[in-house]
Every structure is written in structure tokens, then in C-alpha cells.
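Q: Let me see the structure of the following:
(chains A and B)
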There are 2 protein chains.
Amino acid sequence: MTRFQAIGRPTPLLDGRERVTGQLRYAPDLSLPGMVHGRFVTSPYPHARIVAVDKTTALSFPGVVAVLTADDLPDIPPDNRPHLLLARGRVIFPGQPVALVLAETAAAAADAIELVLVDYEPLPAAATITELLAPGAPLVWPGGKPGDTGEAAAHGADVATGGEERGEPSNIGNQNSYQRGNIEDGLTEADIIVERHFTIPFVHHSYLETQATIVMPDPLSGGATVWTSTQAPFPVREGVANVLGVRETDVRVIATPVGGGFGGKYELYQPLAALVARVVGRPVKLVLTRQEDMAAANPAPASQFHLKLGGTHDGKITALWADIKFDEGCYPGFHGIAAFLLGSAYQIPNLLINFTSVLSFKPSVGAYRAPGAVQAFYALESTLDDLARQLNLDPLTLRQKYASLTGDPMANGRPWSKIGLHEVLETVQQHPAWVNREQARAQGRGIGVAVGGWPGGVEPSSATCLLEKDGLIELRIGWVDLTGTAVGFQLLAAEAFGVSPERVRVVAGDTATSSFAGSTGGSKATYMIGPSVIQAAQAARAQTLEIAGQMFEADPADLEIVNGAVQVRGVPDKQITLKEIAQKTMQFGSRYAPVVGQGRYANTTNSPGFCAQLAEVSVDEETGQVLVHRLVLVQDVGQVINPLTLRGQIVGGAMQGVGFALYEGLVYGENGQLLTGSWMDYTVPNFAQAVGQIEVVTVEVASEHGPYGAKGAGEPPIIATAAAIANAIRDATGKRVTDLPMTPPRVLAVLQADSVSSQ
Amino acid sequence: MTRFQAIGRPTPLLDGRERVTGQLRYAPDLSLPGMVHGRFVTSPYPHARIVAVDKTTALSFPGVVAVLTADDLPDIPPDNRPHLLLARGRVIFPGQPVALVLAETAAAAADAIELVLVDYEPLPAAATITELLAPGAPLVWPGGKPGDTGEAAAHGADVATGGEERGEPSNIGNQNSYQRGNIEDGLTEADIIVERHFTIPFVHHSYLETQATIVMPDPLSGGATVWTSTQAPFPVREGVANVLGVRETDVRVIATPVGGGFGGKYELYQPLAALVARVVGRPVKLVLTRQEDMAAANPAPASQFHLKLGGTHDGKITALWADIKFDEGCYPGFHGIAAFLLGSAYQIPNLLINFTSVLSFKPSVGAYRAPGAVQAFYALESTLDDLARQLNLDPLTLRQKYASLTGDPMANGRPWSKIGLHEVLETVQQHPAWVNREQARAQGRGIGVAVGGWPGGVEPSSATCLLEKDGLIELRIGWVDLTGTAVGFQLLAAEAFGVSPERVRVVAGDTATSSFAGSTGGSKATYMIGPSVIQAAQAARAQTLEIAGQMFEADPADLEIVNGAVQVRGVPDKQITLKEIAQKTMQFGSRYAPVVGQGRYANTTNSPGFCAQLAEVSVDEETGQVLVHRLVLVQDVGQVINPLTLRGQIVGGAMQGVGFALYEGLVYGENGQLLTGSWMDYTVPNFAQAVGQIEVVTVEVASEHGPYGAKGAGEPPIIATAAAIANAIRDATGKRVTDLPMTPPRVLAVLQADSVSSQ
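A: Numbering: from 1, shown residues only, chains lettered A, B, ... in the order given. As a prediction, the model looks like this:
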């Protein structure tokens, strides 16, 4: 039983049928008359001077329309990665676009890139974090690092900016730190200090659809229409308008259905495509190949964590010390949130956490689902688990003892808003998989538990709700549906307007048809846009009833909406359909104004979402192969809007967590080149590698701010998985694996070493 | 001194500089990559059966992409003219499109239409109204007349639908009649009955820019983007969506700057262009040549008026009897308003007015500025003038005696809403040109006065007001600026938001960016959309001050906006700019919702606009040439929003009235073909034919409903001019000219005849 009519109904994705039957048209499927196809000539070097580019042969290739280099484009300061455009004089990562071939067909462009001759003078390029930070290291930005990528703001969540100093040029991108109490005292007080080093590689989002953009120059305004696979139409609009030198409103961004984003599809090559379309005066299509995307899009960063966690025999945690370094590629990133989360999840009296972002000769990194959090919780939850075992404490009990409560201070001293960390831990504790864990252990399996948390982003939103002439309620929102939020908004609007969800049509991601809404990322789409949707639908309902009231000469309060028609409550023989009402608001001589409900919302109180995950694994002691037999995914979502899409979100997140845990990692060779540039070399979990049994358990600690109590659900499920699996491996084998992915050779090496003792 | 900050400031057109320097890009100036150019193969016959179309030769012409006929298009019922598409089996007017050639260049299309061989079997075609109504006349629609054009609703204003009977097929389009009192008694009571027959020809709008449309099929939705010169983007959207079989919201109509509309640019070839673009899968550009436009667009109808006006020697008007027939071309029209106006302007106790619309083998007619009113007032004001003179009464005094007042019954018995007819007559009476009329007469000139009135249309509207990141206030309205209403809305929004007009940017005529607003026509843009604009701007201002209040921790009521910044009243050192506010509403982590003000308005009380015009002419008794030395244009506009554009409107309207009076008329030969198919043959007044001196005098009888009291101003100025000039000719010569245009041969013939005696 539910107090809602529409909310809570398991409702399939609005475009689910089209998605699975191959009918949905993604950006790469679109074609415009007169369109040219672009392919990049990319750098094979991590660092080199461009001596010369010879276009002659390529230009004479049949079908080639143009071969462009930086010299053909305006000299825009490369303040952020999308403004890097084509390399100007120097390349700073392998795979960096140096020239762009435009041709009548994609095949001609692919053939012709081989004919563009680039003369490089290789320059020294440090590879590891240590080398990059060494005195005298070759610098990614010898003239000083460029401005922030902009994604810092979009993904940094609640990060203190830290005490970065501006001094000599270096490869330090940015730094921050948190402290509490007295770290020396805390470590001194400890009976046991667990000290660990963790490494996590670059990981690629591995969306099925690569980065894709089509730009048509606008014949009227000098701006452009941009069809692109993006999570962030308004930031793309801003970026394109900036490079074109037009007003933002002269650029129309139509966010096409996204074939996987996961944080990797904010803004990348859209400004370049727009500039290039202007140069050639034709629509330009730019779709990355898988290899180009693996090499040059914005993956998750590599990182290394050095942790010391102190505890006493009477079950106290006394200190957490951490040194965190992230390799964030060739632009300063925004993963300092890792330090913040490390110091916030538990109430540890003495803290010192230092974070350093390192610039490198690698592609700039982007947001990958819970950026920084996956890494932080893998390190934290592994270390905490080891401490509990070394103190002969139940790891779950130790977590419950120190887990932050609503109002407890975070790393920055500010209080946690309403959170459900204890609730998810308690739910795991009562779950049969935990209660009966000895049965699994008896089969040689290990049980691991870990938590993960995401502060939840905030960003203003607006939404418009129209009653259209076909009687449908049209919801226009300038956001992008990545994960089924569209059907969630449909349910919210249906609930608020008082109609069945089928009568609501959701129009997404078009900056021309919608006013501003924040980007889709940071687990904030439903949380921050939902209230605008409800407001807009309520306003539209009120306007509709007001009109019907005038028609019926009745008090709007006495009216109800039944089956798409308004009637006096309980008097079904006196009806007017929504379609009739709409038509009477859009015709000559009509006495009724169009129904246009507007919603606007902003709120800076985030609603953090916590999960606790239990993994049950077995480890083949001879090969090191880990099998995940069972995952129990417990998550606080505030209020379930649509159980069907929510389950998809949570399972999908955990599967990506499995990828982080066991399979995925971009590997670079000694010369700085990418060795895993295709899905032949880079392992995304497939069906054979899937988990035996997955159970989703939702907990509803209602948000005070989200729509009907909902909070963001996208990020949390990926965060705990790697740690839960690592802890299960530890439980099964007594050994701690500290490097991701936990591949069979790596696990085998740990099993054969003595480094970590069992409890 | 004014109570307003922005309103009443003489403000140039927003795009005035671009217009006069040739920089503004109209639809014909636009070009899309991959675009094909369309040219029509048109019928030379007014009525014929299409036996066969041979495309073969044309298809082999270099550059020709396709030759399409009705067989290539869906068989859509030709309910209205835009649905007539290409002729199917039969043509019903000369110039009707039979086939469409699509080619890579406009030149190739023009060449290839000569190569399409159409075999016609000519059918009998009646030419005159008398022939068309005769028993056994060939029928335009033998199977029964099609549905209304839709423009009936859009232009019919306050017309009773009349007692049309459905019987045998005939060429009667529709009929209506008005009666009051007892017409027989009224005519019997009269001492003098002035009986007149008037004829008015088809007149073409003669916009500089011909009908023009570019359609791009939408790669994502199956709909289309339509750039077109139209006054009515939402009706075009509906028409295009209907023929494409998609939702209206899948069609985006971008109304390009209109190079002259005057009522002639509602919907015509846009649905055809959209269908054709779908057939060939490429953008299609369809721009009519001048000759095609003169022949096949929708001109003003031809009409004939038979009037009897009875009066007594003691100065009473006793009866008005009228039989009105309009030739409305091949589709039923909407000019019955002529009968309504004829019976409404004066309070005549006995009325009988019959109106018949006749279908003919001519292009369907459209709205031409004050459709029906120009014709009605020409006939009425001429006849009334003659009656006054025959009764030895001052024509102005007689008008003042019978002119309708607010609340007086109209022809349909309903009361006039607030009108200023008496005020404009009184203003003329006190004007030096009238007071000193004997001085002009002493120079052999004649002075004529006439009134004109337009009921004013009503149609719902909405508007959105956004605060954009560049600090500008963006006003999105789904209407088209024909006459400078954009700058009027800029002033209204500036006034309501409290900023200078330069800070307001108006975005017009895009169905994707705007919610519904009515079409531009019927003198209702400012009147019906203005209130939505004010509402939207006030809402946006309130939201902006609310945000600034939170920033300042001040009561929004204590804030003011000065020079684009918000400050605490009188404390200029504490400021935040609108730009800063906007940016803080559209960024990650912000605490302020985007500023989105919404306005919605509907009102069925129209605000009729009356004018009175004085013409001073001389007539060359040897050639019949009429020189207009002076026009005094007095008009009630309710409230002047922008005196500069208002003057342009009034002068422009009167000049079109001069065209009606002296120069313009489409002439058809005996075989039904158009003889005046170019501006070599069809005379639009040029500078040499311009009026010596034009004075505009505005009267402000504030509307209770329009924005700040304004009412529609577009239609009235054209209405009185022909009658004022005819009355001046009568004053100068003692002769009444009853046929338009009053060309020298026609005037000479009247001067040489005895038919009308001087007073």
C-alpha cells in the first residue's frame, strides 16, 4: 500500500523498447544533408614538439574536404580541455588530436588520416607520480598550469579548496588537506597502527557509444545547433558559444540519447566541432573510434593512497593519517573529494589527510561515477577492515561504532545533513547473508562488507509543464536522462498533476526548448530537478482546474481529473477533456490563457546517500581467480520513485564496481603509450564474469529536500563494491590485496607472499 | 512628462539598422548544406482537367533531383488551401501549382520547369460574380465546398456565422446578414435615398519579400525544422505536423524576419515543403518568384457593394440597406466582417445587410490588413458623405451625430466595448486642416473626411522572461514581429522589470523556445501579448529581487535596480549586478534558482480602434489624375507605447490605403488569366506618387485591458484612406467615384459623366 498514485510504480524506461530493439537513434546514427565526417590525426608521443604538418597528400585524397590544424582555428587559450582544440606546437599526451581530416565519407576520412605527415620532435615525459613530482621533471605546463577544467566545480561537491601555493611551475595540479585533533597524539595512543599502500589505475567508463557530436552552423544567428551525446547541455552550450564568440542563446544544444555516460560525457570536442563546422560551412560529424576514445577521452584518474589507521585493544580508533596522490592527466582535476570522504565517513578523533593532484602526460581525466569516492572507500574500507580483524573486532560492529550520524562533523567540520549510514549498516547486519555467513565460510567462501557514501551534488533547476493540444502534459526540462530519470520525472509530474503517467511526455536536453537545469551527474538529477517538476506540474494543474472551473462555473476546488478529463467531483457526466481545454487555450478568440506551469528550485543542502554492500567470494588458490558468488546491495535512497529503474541503477553501479575490483585498468607502456586501447585488451565484465546472485535492498531515510523524500541514487552503488570484494578476499584467504584491479596474477602474488597476516 | 520610464520613448526598431543596410537575413537569404531548390510548374488555366504529366525530359536536365506531382504525395483532403498541396486531377485557378521541380540550384529548377509537359483539358470557368452565381455555372467544388480555411477563425473577429444553408452545390462560399428595426419602414420614411454601387478589385499585399520557406527534416524526431516568412508560427506548426503525421511539438517553426506580411503570410506552402523535404530526404527551399506570388498567393478579395442609405431633410438617417458580394477565390473566406462593420459604425435605426461570399476560379484570398473593413468603410463612408451633401449637412457633423459610442449596439446587437470614435472625429474637427478647409478649397482642392474602425482581435498568449548569464533579460515569445511590436515588448518588459530597454533581448517566433502566443494579425499583438510580457517581466523582477534580498540579507522591498545592478535603495556601494545574479543561478552548488518569469493572458473583450482621416486632394480635370496633397491621420491607440514605430504603422497603413484608392488592383483577362503579374503592370505607390504632407495625431482613449491602456494600431490606418480620398475628390469635383482604384481614366470618365450631381 502506498500513499501515492504514480510514485513507486515499477515503470519501464520511456525509451526502453527502442533501446533494446536498436531503434533508438543515438548521435552516431544521425546524418545531416551536406555533412562532412571528421577523423583525428593523433599524437603517438606523450610529449613532443610539432615541427611540421604536411597536408598535401591527404588533401588530394578523393573525398577529402579539408585538413585542419591549430593554425586554421582561432588561438583560444587552452584554459580547459575542451579549449585545447587541436594541438598547437606541442603535444602533451598520446592520442592528442593534432589535425582533423574532414571528408565526404567516414571511410575517406579514415583513409586520409594516414596521409597526413606530422614531423614530431619527441620531448622527455615522466611517467609515474614519483617521476612527475621529482625536481627537474619535465613539466606538462612549463608556463604555468591552465585554469580549472570547470568540471571541478561540477563534481567537486563539498571540497575545501585547500592551501595550494602559487610558486615555481611544477606538475602539482592542486592540493588540499584536512585535519582534526592531533594526529601525533592519535597515532601515539594507538596500540596497533595498520599501514597500507593502495594503488588504483586509470579506468575508462567504457560506455557503448563513444563521444559523438554533430554540429550544424546556424544560418540565421551565426551560432550553431549541436546534437551531441552529453550529460551537460548547458555547459556545452556555454563552451560552444565561447569559442564561436556568440551569445549562449544563439547556440542550441540537443542532447541526443546517451549510450552510456557515467560522468565521461560532459564537454569535450563540441567546441572544436563547432569551430570546424564554421570553417567549412557545413555540418560536421565527429564520432570517436573506440581506440580514440580509450586514448583521449577523459577516464577516471590513477591514484595511490598511503594510509595509517590507529586503534586500541579496547576497540577505539584513535587516528587516521593519509597521503593521497592522484594522477589527473594533463589538466588539473577535482578529485580532492577523496580526501574529504576519507575523513568524513567515520568519527575518528585525530585526522591528517593530505591530497595532491599531479599533472601528467596523459589525457585529462573526467568524472567517472562517484569520482574519488570509489578510490577513497576502497582504501579506507580495506584498512578499517584490517584494523578490526587485527583488534579481533567484528568489522561491521566497528563500523557501526564509528559511522557518522546526521549532524556529526565531516572532515571540514561542517555537520553531515540527514544520512542513513547507520540504517544501511543495520540492514546488512540483519540480512541472512550476514547472519548466516558461517555457512558460506564453511564452503570456503569469504564474506566482506564495505560501505560507500556520496555527498550528493546540488545545482539549481527549472522545469516547464505545458498542456499541449493533443491533451498530453508536456514537461520540458533542460536536463539529460542518463539512467531513467525521465520516467521518474514522468511519475512525479503525473503524481503532481493528477493524471496517469502515460499522459505525461517528457522533453529532455534541449537548451532551446527549456530553461536551465543542472547537468546529469553527481546523483542530483532527481534530487534537484524533481522539486521543479513537481512545482511546474502543480502549477499547470492549478491553471487547468481554474480554466475548467470557469467553463463549468464551478469552484476549482470542487473539480477532479479522471481519465484525462476534468469533472465536478463525483459528477462524471459533466466532463471536459484535457485535450479540449488545451485547444481552447490556443486559438483565436479564446478566453483562456495557455497552461504553462513553471517550476524553479535551488537548495544547497545536499542529501548524501550511503550504501553498504556485502560480497561473498571464493578465491582459487592456484590461479588467484576470484569468483563473486553473491552481492547484497543495501542503499538508502530516501524514497523510491521507480523501483524498476532504481534497481537498474544499483545493479549497474555495483557491476561497474566489480569492474574496478577485478578487471579494469588502462595500462600505459614505458614510452607512455596506451597498451589497452581496445576491448580486446581492456576488460569490461561480461556475462561470464557476472555475479552469481545480486540482491538489492533499499532503505528509505527520507530527505527533507528531495522530491517526496527522494535522494540521489546513482553514485553510491559503485563505491563500496571493490572494498567489499577485497574484504571478502581477505575473509576467504587472510590476505589483503591492495592494488586494483585484483586480477588473478596479482591475487596469486599476494597469496604467495607473507605481507599481510590473517587475523 | 510621463509616468513611465521606458514606455513612450521614441525607440527605433530593434533590427532597423540591419533592415535598411541589407544585413538582415530573410528566409530567401538562408541556405542549408545539401539543400535543394523548388520551383513550381503552374497551371495556365483557371479550370482544367490534368490529363497527364510527362516528367521525363525535366528529370534528365542537369541538376534536377526530382519532379514531384500529387501522385508522389499523400492524398490529404484539400480542406484548406495549404492542404491543396499540388493539384490532383484538376486545377481550379491560374497559377495553381501542378508539379514541383527540385534541383541543386535555383537556376536549374527554373530551367527545368519548362521541360515538364502537362497535358490539360480546359474546362469552362465563369469569371464574374454574376456568372459564378448563375444557375448552371461551372462549379469550383462540384463535390461540395471544402472546410473553412482556418483563417476564418483567425480573422473573422466578431462575425455572426449567418444563416448559410446546406443544399445543392453552388459557388456560394458562405453568407451572413444583419438586420435591425424595419428596413422597409426606414426606407419609406426617408426623404432622400442615396443608392450606390461600388466595386473593389483583388489587391495584392505586395510585400517586398515573397512567400519563402526552408524545411529541414529532423534527423531525430521525424518532424522538421521550418524557417519561414510567416505571421503565424504556431498555426504553421500545426499545419506541418498534420501533413507529416507527427506531434506538433516534433515540428519546430522558426519565423524568419518578415519582409512584409500585411496579413498575407499565415500558412501557405509550408506543409507542402515539409512533405517534399521528407520525400527527398534533404532540406528544401521554396521561394516564390514575384509572378508566382502575384498569381497564386492569397490576395485581398474583390467585392461589390450595393448600398441604399436613407435620410430626412431634418437631418436623420433612417435606413441602411446593403447587398455585399465578395469574390473570395477558390476557398471559402472570412470577409463577412464587412457586413458587420457596415452595420456597426453608426447607430442607424433600420438595417438590412446581406453578405454573400462567392467561390471562384481564382487563388484563395487571404487577410490583407483590415480585411473587409477597407472595402466596407470605402462604400459606407462614400455613401454617407453623399447623403450629408444631398441633405445639405456638414458630413463631419452628420457622422458625429450617428457615430457609435461605447455601449451602443453593434450590428449583432452586442454592445461596443470602449471606443474612441467620437474622440477621433472631434480631433479632426478641431484640426487646422479642417478648420481652415476653405483656404484649401480656394486653391481648387477638395477636403474629404472618413472614418475607419477595426474591432481588434483577441487570442491567448504567454511569454517567458529569463535572466541570462550575460546579464540580459531574455524575453521569449512565440509570436512574430511584423511592425515593431518587438521593440514595444522590449519597452514593456523594461518598464516592468525596471531596467533600461537595452538590457532586454527579445526572442521571437520560435515554437521550440517559446510557449504559445497568438499570430500577428488583427491588431492584437501588443494588445494580447503585452499583458503576458508585463506579467513575465514582473515575475522575473520579483524573483531577481528575492535572490538579491537573500544575498544582502535585506527585504526585497528595500531593493532597487539601478544601471543593471541591484542595490539597497539609496546605498549604491552595496551592489550586485544582474549578470552576477544570473551566473549564481546556473552553476553547480549554487543556492539560487534560475530566474524564469512566466506570463499568461487571455481576454475576450476586444478593444476596437477607430481612426478618422482627412485628405486634401486636387484633380486634374483634363487627365483625371488625383494628387493627394495632405493626409491628416487621427487614430485612437489607447496608449502610445513607442511613438516612432506607431507613426511608421499609421503612415504605412495610410499609404497602403492610397494604393487601394488610386493605384492597385489585380486585373484578370477574359480567359481568367492574370494580366498584372508583375510590378511593371501592378502599381504600388512609389515615391513620385507619395503624399505631399502626412500628419499623425494620436488620441488616447485607454483600453481597460491592453498593456498600460494600449490597443491595437495596425489595421485602422488603412481603412479610412480610400474613402477620405474619394470624399475629397467629391469635394473638389462634385463627382463620386465608386470604383477602386480611382485611376485617371476612371476619374476622367466620372468627371465627364452626369451620374452624380454635386451638392
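Q: ok, the residue of the stretch 651-759 of chain A found nearest chain B to B:Gly488 distance?
A: Closest residue of the stretch 651-759 of chain A to chain B, C-beta to the nearest C-beta: A:His705 (12.0 Å). C-beta coordinates here come from the backbone N, C-alpha and C atoms, glycine included. Between A:His705 and B:Gly488 the distance, using C-beta to C-beta, to the nearest Å, works out to 42 Å.
Q: Show me which of those two is the more surrounded one.
A: More neighbours sit around B:Gly488 than around the other of A:His705 and B:Gly488, counting by other C-beta atoms under 10 Å in any protein chain shown; the figures are 27 against 23.
Q: Pull up the per-residue confidence for that one.
A: Residue-level confidence at B:Gly488 comes out at 95, pLDDT.
Q: Contact partners for it?
A: Under the criterion of C-beta atoms under 8 Å, 6 or more residues apart in numbering or on different chains, the neighbours of B:Gly488 are B:526, B:530, B:641-642, B:645.
Q: Repeat the analysis, applying 10 Å as the threshold.
A: For B:Gly488, the residues meeting the contact criterion (C-beta atoms under 10 Å, 6 or more residues apart in numbering or on different chains) are B:7, B:11, B:481, B:506, B:525-526, B:529-530, B:533, B:640-642, B:645-646, B:707, B:710, B:713.
Q: next one: A:Leu740
A: Contacts here follow C-beta under 10 Å, 6+ apart; on that basis A:Leu740 touches A:198-201, A:203, A:302-303, A:374-375, A:378-379, A:659-665, A:722, A:725-726, A:746.
Q: List the residues that contact A:Gln535.
A: A:Gln535 touches A:461-463, A:465, A:496, A:597-601, A:707, B:593, counting by C-beta under 10 Å, 6+ apart.
Q: In helices only, show me those residues.
A: With helices taken from DSSP state H, the overlap with the contacts of A:Gln535 comprises A:Ala496.
Q: Rebuild the contacts of A:Gln535 as JSON lines, extending it with pLDDT, neighbour count and distance to A:Met742.
A: Output for those, formatted as JSON lines (pLDDT from 0 to 100; neighbours: other C-beta atoms under 10 Å in any protein chain shown; distance: C-beta to C-beta, whole Å):
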{"residue": "A:Ser461", "pLDDT": "97", "neighbour count": "30", "distance to A:Met742": "40"}
{"residue": "A:Ser462", "pLDDT": "98", "neighbour count": "30", "distance to A:Met742": "45"}
{"residue": "A:Ala463", "pLDDT": "98", "neighbour count": "32", "distance to A:Met742": "43"}
{"residue": "A:Cys465", "pLDDT": "98", "neighbour count": "30", "distance to A:Met742": "48"}
{"residue": "A:Ala496", "pLDDT": "97", "neighbour count": "27", "distance to A:Met742": "46"}
{"residue": "A:Gly597", "pLDDT": "98", "neighbour count": "27", "distance to A:Met742": "51"}
{"residue": "A:Gln598", "pLDDT": "97", "neighbour count": "22", "distance to A:Met742": "51"}
{"residue": "A:Gly599", "pLDDT": "98", "neighbour count": "29", "distance to A:Met742": "46"}
{"residue": "A:Arg600", "pLDDT": "97", "neighbour count": "23", "distance to A:Met742": "47"}
{"residue": "A:Tyr601", "pLDDT": "97", "neighbour count": "25", "distance to A:Met742": "42"}
{"residue": "A:Pro707", "pLDDT": "95", "neighbour count": "28", "distance to A:Met742": "39"}
{"residue": "B:Ala593", "pLDDT": "97", "neighbour count": "24", "distance to A:Met742": "45"}
